[in-house]
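Undergrad: predicted structure and sequence below. I'll ask about it afterward.
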Amino acid sequence: MEQTNITIEDILVGQGTEAKIGNTVSVQYRGTLLNGIQFDSSYDRGEPFSFTIGQGQVIQGWEQGIPGMKVGGKRKLVIPSAFAYGDQGIGSIPPNSTLVFEVELLSVQ
């Protein structure tokens, strides 16, 4: 049975500013497939990733999973393909893949 919702697990609850729709946030993240194979990591690139929540700049799973985080927090997001890259896949991500992200919120503007 295909998962129909994202799963959010707070690894560490931050103490800083809370991320909300319309905020520009800066995050560090690591993305893996369910089998543990990593497909992307801002840590490996050595620089954080910034985007504005609610502007369609990232996958739907991030649009739902980042708001409510506080600066300094870490969150695990398990994102079914319907909220990621669907039946198309992208790059090294196969079609219909559930993705797992560990996201650390660095700043909110």
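TA: Perfect, thanks for sending it.
Undergrad: tell me the gap between the longest helix seen in the chain and the middle of its chain.
TA: Longest helix of the chain, by residue count under DSSP state H: helix 60-65. Helix 60-65 sits 7 Å away from the centroid of its parent chain (C-alpha atoms, centre = their mean, to the nearest Å).
Undergrad: can you name the element that comes right after that helix?
TA: strand 74-79 (DSSP states H and E).
Undergrad: flag every buried residue along that following strand.
TA: Along strand 74-79, these residues count as buried under the neighbour rule (16 or more other C-beta atoms under 10 Å): K74, R75, L77, V78, I79. The C-beta positions use only the backbone N, C-alpha and C, and glycine is treated the same way.
Undergrad: quick one: mean pLDDT over that strand.
TA: Strand 74-79 shows a mean pLDDT of 99.
Undergrad: show me what contacts the residue nearest the centre of the chain?
TA: Against the mean C-alpha coordinate of the chain, by C-alpha atoms, centre = their mean, the closest residue is W62 at 4.3 Å. By C-beta atoms under 8 Å, 6 or more residues apart in numbering, the contact set of W62 is F51, L77, I79, F101, V103.
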